[in-house]
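In: the following comprises the amino acid sequence and a computationally predicted model.
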Amino acid sequence: MNKNETQEKKILAIFRAAKEPLSPSQVWLRYNQPDTPLTSIRRGITDLTVYGGRLVKTRIKTIGPFGKPECNWVSI
């Protein structure tokens with residue numbers, strides 16, 4: 001298992017535990033590893049959506065840490 005697969009498992013577990021739509025920055029805050037860049041979380045979410053079919057992008061948006069709207073995803 002490579003590092004990306006392990007990261008994706010953690011990201012998916014966060015979505016399943018939350019049972020609500022989450023933005024990448026919300027996942028990053030729950031990820032609990034400050035050395036992991038937000039862009040890695042975004043990549044993991046994309047991989048789980050496009051290639052894994054485990055997440056679905058919603059129409060819900062929340063304001064992220066940089067004041068910009070972020071899309072939210074849910075696990076399926």
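Out: Yes, it's here.

In: what bridges to residue 57?
Out: The bridge-partner assignment for residue 57, based on DSSP bridges, gives residue 73.

In: quick one: average confidence on stretch 16-23?
Out: If you average the pLDDT over stretch 16-23, you get 96.

In: tell me which residues in stretch 47-56 are buried?
Out: When burial is assessed from 16 or more other CB atoms under 10 Å, stretch 47-56 yields the following buried residues: 47, 48, 54, 55. In short, each C-beta sits where N, CA and C put it, glycine included.

In: okay, the biggest helix by length in the chain in CSV with CA atoms only?
Out: Among all segments of the chain classified by DSSP state H, the helix with the greatest residue count is helix 3-18. These are the backbone C-alpha positions of helix 3-18, laid out as CSV (Å, rounded to 0.1, in the frame of the first residue of the first chain):
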residue,chain,number,x,y,z
LYS,A,3,1.2,6.6,0.9
ASN,A,4,-1.6,8.0,-1.3
GLU,A,5,-3.7,4.9,-0.7
THR,A,6,-3.3,5.2,3.1
GLN,A,7,-4.1,8.9,2.9
GLU,A,8,-7.2,8.2,0.9
LYS,A,9,-8.4,5.6,3.4
LYS,A,10,-8.1,8.2,6.2
ILE,A,11,-9.9,10.8,4.2
LEU,A,12,-12.7,8.3,3.4
ALA,A,13,-13.0,7.4,7.1
ILE,A,14,-13.3,11.1,8.0
PHE,A,15,-16.2,11.5,5.5
ARG,A,16,-18.0,8.3,6.8
ALA,A,17,-17.6,9.3,10.4
ALA,A,18,-18.9,12.8,9.7
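
In: lovely, talk soon.
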